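[1] Quick one: sequence plus predicted model below, questions after.
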Amino acid sequence: MTAPVLIPGIPQSGYPIVAAALAAGARTAFTLSGGHIFPVYDAALHSEPDLRLVDVRHEASAVFAAEAVGKLSRVPGFAVVTAGPGVTNALSPITQAHFSGAPLVVLGGRAAQLTWGRGSLQELDQPPLFATVTKAAWTITTRERAGGDVARAFALAGSAHRGPVFVDIPLDVVFAPRGEQSAWRPDPVDRSPAPEAIAGIAGAIGRAERPILVLGSDVWADGGEAAALALVDELGIPAVTNGMGRGIVQRGHPLLVTRARRAAFSRCDLAIVAGTPLDFRLGYGAFGPGGAAPVVHLADSPEQVCRHKELAAAAYGDLGVILDGLRAAARPGDWADWAQQLRAECAAVAAREASLLAADSDPIHPARVYGELLPLLADDAVIIGDGGDFVSWAGKLIEPALPGGWLDPGPFGCLGAGLGAAIGARTARPDGQIVLLLGDGAAGMSLLDVDTLVRHKLPVAIIVGNNSAWGLEKHPMRQLYGYDAVADLAPGTAYDEVVRALGGGGETVSRPGELRAALTRALAADRPYLVNILLDGEAAYPRATTGV
């Protein structure tokens with residue numbers, strides 16, 4: 001292979017890459033500048049329409065931002081990172097997207113093929129690093145394949161079961177003059193569920209006396225939220241939501257029993273779990289008295305059906321079609337008393353929480369923050385959680401009004417995702433409320449990317465629960481050993497001053513009575529605004545799930 005001829009004014013191989021991304025629905029590429037990917041920038045800025053470039057302060061934030069776009073828009077998010085460390089910095093966020101089933105395409109730069117094996121700058125065979133945490137990872141080897149390979153990456157990332165795809169392109173290929181592009185077309189896939197599976201599950205529902213429906217992220221990703229709500233409404237099945245499934249059964253719905261999930265899971269005689277794995281968050285599939293209740297698993301693809309537990313039944317395919325099929329085939333049972341029991345449990349839980357939401361303690365109890373925040377949240381709010389104990393309280397106390405309004409790290413539990421997620425959320429939802437909840441530990445991992453929010457004029461309300469500790473570790477270590485180590489942070493760190501130094505706004509709150517006004521200012525600000533709330537470090541979240 002000869003070296004590319006770099007002639008100004010001749011479009012290079014970044015153009016078919018950008019054209020393929022635009023055709024797949026991408027409107028923004030998140031990146032951090034690097035010479036290996038200059039032709040992609042050139043194409044992004046000179047295409048029609050152009051592909052917006054949002055540059056960040058760390059590659060991880062670029063990929064977390066793209067993951068958030070994929071989750072919220074249900075179109076694969078797009079990140080472009082330079083070779084070597086730029087690519088390796090993307091490993092954790094790509095892994096998070098893998099665990100979350102988030103549609104994501106990451107394009108990496110790569111050392112030139114012409115000099116491969118001689119020890120050129122950042123010469124690393126990168127796709128093998130991602131083999132176990134992507135749907136696919138490969139190298140674009142010729143300029144003719146650039147557009148087709150990127151089109152394939154987007155199609156693969158956005159098809160069930162969704163997830164990340166990594167593609168890299170060598171320096172001499174991406175800088176080569178644009179060549180004739182080889183065509184790529186996806187094979188049609190039939191995602192129709194098996195009719196006999198639907199009939200069997202409908203029969204099991206009809207025989208149940210205490211069924212519970214669990215709705216997870218893949219129901220949202222598959223566009224099945226309307227079908228799920230119709231199933232709940234027409235059959236009268238109590239429902240619990242998690243992940244991106246939150247909000248599918250709207251806040252205040254009489255059959256939304258998430259606050260009574262412990263009672264629902266332990267007493268049910270049938271669990272129908274849709275669009276989420278039977279992992280540690282669901283007790284690995286142990287439902288009902290003694291964990292012996294039958295479980296039905298509904299998944300978006302065959303490989304997502306649970307293998308570690310014997311199931312009563314399963315169906316896979318388009319989750320909206322499956323849920324509509326069950327609604328048509330199942331007959332409603334006499335579940336009014338069961339639903340009433342769970343509503344009563346929800347009311348009892350809410351009554352117990354009420355005193356915490358209004359706690360007037362000094363230092364501030366973390367639940368009081370949410371007591372003040374809840375009335376201020378708009379229906380279109382996107383709530384982003386990045387933290388341990390402080391954000392766990394949010395998961396317990398906040399219920400989105402609409403689907404597509406909740407972002408968290410998912411089962412991978414990656415701290416530091418929050419600023420990137422906020423960047424992506426604001427680009428995906430330019431007019432809605434964006435609220436980022438940060439633990440002070442998580443804030444230390446990515447807060448400098450407030451600079452990105454400022455430069456790109458992306459207003460976000462940032463709320464830091466500052467308990468001066470790694471609370472998720474501090475309290476369990478005390479329980480295990482009677483003491484804690486390496487779990488303390490500097491007391492009262494002024495994270496708001498960091499944001500002001502970067503061009504945003506902010507303030508510190510130390511008393512409960514100051515919370516409402518400060519949160520109101522943050523939500524109304526036309527720039528990133530951080531409320532640094534000094535919390536009671538001894539107010540540990542009452543954790544029942546450890547992940548073990």
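    Here it is on my side, so go on.

[2] make it CA atoms for all contacts and neighbour counts henceforth
    OK.

[3] wait, residue 373 sits on residue 521?
    No: Residue 373 lies out of contact with residue 521 (Cα atoms under 8 Å); the separation is 11.7 Å.

[4] where do the contact lists of those two overlap?
    Common contacts of residue 373 and residue 521 (Cα atoms under 8 Å, 6 or more residues apart in numbering): none found.

[5] Can you point out the buried residues in stretch 209-225?
    For stretch 209-225, burial by neighbour count (16 or more other Cα atoms under 10 Å) applies to 209-222, 224-225.

[6] quick one: it to chain centroid distance?
    17 Å (Cα atoms, centre = their mean, to the nearest Å).

[7] Now that stretch: average pLDDT?
    The average pLDDT within stretch 209-225 is 98.

[8] what do you get for stretch 491-509?
    Average pLDDT, stretch 491-509: 97.

[9] buried residues in it?
    Buried-residue list, stretch 491-509, by 16+ other Cα under 10 Å: 492-500, 502-509.

[10] With stretch 25-41 instead?
    26-33, 36-41.

[11] Tell me the first helix or strand C-terminal of the helix-or-strand element of the chain with minimal mean pLDDT.
    Lowest by mean pLDDT, DSSP states H and E among the helices and strands of the chain is helix 471-481, with a mean of 89. With elements assigned by DSSP states H and E, the helix or strand that comes after helix 471-481 is helix 495-501.

[12] Please work out which residues outside that next one touch it.
    447-448, 450, 464, 505-508, 528-532.

[13] can you give me the helices for the stretch 401-548 of the chain?
    418-428, 440-446, 450-455, 471-481, 495-501, 515-524 (DSSP state H, counting those that start in this stretch).

[14] Out of those helices, which one sits most buried?
    Among the helices of the stretch 401-548 of the chain, helix 418-428 has the highest mean neighbour count (mean count of other Cα atoms under 10 Å), at a mean of 28.

[15] ok, how many other residues are close to residue 381?
    Counted by other Cα atoms under 10 Å, the residues lying close to residue 381 total 20.

[16] same question, residue 234
    12.

[17] quick one, what contacts residue 539?
    Residue 539 neighbours (Cα under 8 Å, 6+ apart): 365-366.

[18] Give the phi and psi angles for it, as a check.
    Backbone torsions of residue 539, given as degrees, to the nearest 10, read phi -90, psi 80.

[19] Now do it against residue 366, distance only.
    7 Å (Cα to Cα, to the nearest Å).

[20] Equivalent analysis for residue 455, please.
    Look at residue 455 and residue 366: by Cα to Cα, they are 31 Å apart.

[21] Could you do residue 472 as well?
    Counting by Cα to Cα, the separation of residue 472 from residue 366 is 13 Å.

[22] Just give me the neighbour total for residue 208.
    Residue 208: 18 neighbours (other Cα under 10 Å).

[23] scratch that, residue 344 is what I was asking about
    By other Cα under 10 Å, neighbour count at residue 344 equals 14.

[24] One more: residue 294?
    Neighbours of residue 294 (other Cα under 10 Å): 21.

[25] Contacts only, for it.
    Taking Cα under 8 Å, 6+ apart, we find residue 294 in contact with 269-271, 287, 311-312.

[26] out of those, which one sits closest to residue 242?
    Using Cα to Cα, residue 271 is the member of these that lies nearest residue 242, at 14.5 Å.

[27] That closest one falls within a strand, correct?
    Yes: counting by DSSP: H, G, I helix; E, B strand; the rest coil, residue 271 is located in a strand.

[28] How about the contacts made by it?
    211-214, 265, 287, 293-296 are the contacts of residue 271 under Cα under 8 Å, 6+ apart.

[29] okay, now the closest residue to residue 330 other than its chain neighbours: neighbour count?
    With Cα to Cα, 6 or more residues apart in numbering as the criterion, residue 330 has its nearest non-adjacent residue at 4.3 Å, and that residue is residue 202. Neighbour count of residue 202, defined by other Cα under 10 Å: 19.

[30] Would you mind naming the helix or strand containing residue 202?
    Secondary structure assignment for residue 202, by DSSP H and E: helix 195-207.

[31] Just checking: what are the partner strands of the helix or strand following that helix?
    Per DSSP H and E, the first helix or strand lying C-terminal to helix 195-207 is strand 211-215. Strand pairing for strand 211-215, using DSSP bridges, gives strand 239-241 (parallel), strand 270-274 (parallel).

[32] average pLDDT for the first one?
    The reference is to strand 239-241. Averaging pLDDT along strand 239-241 gives 98.

[33] swap in stretch 156-171?
    pLDDT averaged over stretch 156-171 gives 97.

[34] Work out the gap between that stretch and the centre of the chain.
    Remark: stretch 156-171 is offset 17 Å from the chain centroid, using Cα atoms, centre = their mean.

[35] Could you verify my assumption that residue 75 touches residue 103?
    Yes: with contact defined as Cα under 8 Å, residue 75 and residue 103 form a contacting pair (6.7 Å).

[36] what sits in contact with each of those two?
    With Cα under 8 Å, 6+ apart as the test, residue 75 and residue 103 both reach residue 158.

[37] Those two: who's more crowded?
    Taking neighbours as other Cα under 10 Å, residue 75 and residue 103 compare with residue 103 leading, 34 against 23.

[38] What pLDDT does the model give the more buried one?
    Confidence score, pLDDT, at residue 103: 98.

[39] Same question for residue 183.
    Looking at residue 183, the pLDDT reads 81.

[40] Would you confirm that it belongs to a helix?
    No: counting by three-state DSSP, residue 183 is located in no helix; its state is coil.

[41] what about residue 268, neighbour count?
    Neighbours around residue 268, by other Cα under 10 Å: 22.

[42] backbone phi and psi for it, please?
    Residue 268 adopts backbone torsions of phi -70, psi 160, taken as degrees, to the nearest 10.

[43] Now do the same contact list for residue 259.
    345-346, 349-350, 396.

[44] how about a cut-off of 7 Å?
    The contact partners of residue 259, taken as Cα atoms under 7 Å, 6 or more residues apart in numbering, are 346, 349.

[45] helix, strand or coil for it?
    State at residue 259, reduced to three classes by three-state DSSP: helix.

[46] Can you tell me how far it is from residue 251?
    Distance from residue 259 to residue 251, counting by Cα to Cα: 11 Å.

[47] Over to residue 181?
    Counting by Cα to Cα - residue 181 and residue 251 are separated by 49 Å.

[48] Ok, residue 399 next?
    Counting by Cα to Cα, the gap from residue 399 to residue 251 is 6 Å.

[49] For residue 297, give me phi and psi.
    Dihedral pair for residue 297: phi -120, psi 130, per degrees, to the nearest 10.

[50] Same question for the one 3 residues further on.
    Listed backbone geometry of residue 300 is phi -80, psi -10, with angles given as degrees, to the nearest 10.

[51] do you know how far it is from residue 367?
    In terms of Cα to Cα, residue 300 sits 36 Å off from residue 367.

[52] how about a markdown table for the strands paired with strand 211-215, with distance to residue 305 added?
    Shown next, in a markdown table, are the strands paired with strand 211-215 (distance: least, Cα to Cα, whole Å):
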| stretch | distance to residue 305 |
| --- | --- |
| strand 239-241 | 18 |
| strand 270-274 | 10 |
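
[53] Ok, which of these comes nearest residue 416?
    That would be strand 239-241 among the strands paired with strand 211-215, by Cα to Cα, at 24.4 Å.

[54] ok now the closest one, how far from the chain's centre?
    Worked out by Cα atoms, centre = their mean, strand 239-241 lies 18 Å from the chain centre.
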